[in-house]
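[1] generate coordinates for the sequence data below:
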Amino acid sequence: MVSSVQRPNGSSWYDIAMRRGLLIVGALVLLFALGALAAAARGSRGAVDLAHASPQMKRICLSQLPRTDRELIDRCFRVHGTLLHVWRERDEGGRVADMHFLVVARLHLYVVKVHEPFPANPRVGHTILVIGPLVRPHPEHLGIHEIDAFSLSGAGT
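    Numbers count the residues shown, from 1 in each chain. From the prediction side, this is the model:
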């Protein structure tokens with residue numbers, strides 16, 4: 001005969017262990033969510049006023065013309081955030097033909113169009129600084145604004 005050991009309040013040891021396990025898993029999920037939120041809240045972003053910008057910032061922002069295939073939002077925009085993902089498109093020879101980054105700064109996502117020479121080993125999770133024009137997103141970018149990277153530094157670039 002198998003008997004179940006009961007506590008005075010009627011709960012079995014199995015029920016108590018399951019409740020404790022669920023409580024621990026819930027606490028871990030909450031800590032992970034808070035950590036992700038803290039990482040997404042880091043950084044800075046914003047338009048650069050060229051009338052009051054430093055000579056170096058003016059030189060970067062005016063070094064090239066903005067792309068004409070998208071609507072221009074800001075001529076000069078700066079994002080300092082965390083690199084979340086790297087997209088690479090390769091040509092027939094296996095060389096990188098196009099590269100985009102997904103960056104988060106101050107709880108906003110940005111797609112960054114990277115120009116040649118492409119960074120050899122961008123590191124996801126590291127801080128990145130991007131300066132260039134901000135344009136309306138391509139429909140496949142799910143409404144995430146795009147920055148044309150006239151200047152790119154950090155994250156192993």
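[2] where does the chain have low pLDDT?
    1-10, 37-41, 141, 155-157 (pLDDT under 70).
[3] list the buried residues for stretch 103-121?
    103-105, 109-114, 118-119 (16 or more other Cβ atoms under 10 Å). The way it works is simple: take the backbone N, C-alpha and C, and place the C-beta from them, glycine included.
[4] which one of those is nearest S54?
    Among those, A105 lies closest to S54 (Cβ to Cβ), at 20.2 Å.
[5] quick one: the closest one and T82 touch, right?
    Yes: counting by Cβ atoms under 8 Å, T82 is a contact partner of A105 at 7.3 Å.
[6] overlap in contacts, those two.
    Contact criterion Cβ atoms under 8 Å, 6 or more residues apart in numbering; residues bridging A105 and T82 by contacting each: 42-43.
[7] I'd like to know how far V124 sits from S54.
    30 Å (Cβ to Cβ, to the nearest Å).
[8] try L72
    Counting by Cβ to Cβ, the gap from L72 to S54 is 22 Å.
[9] neighbour count winner among those two?
    L72 (13 against 9; other Cβ atoms under 10 Å).
[10] OK, contacts around that one?
    Contacts of L72 (Cβ under 8 Å, 6+ apart): 66, 133-135.
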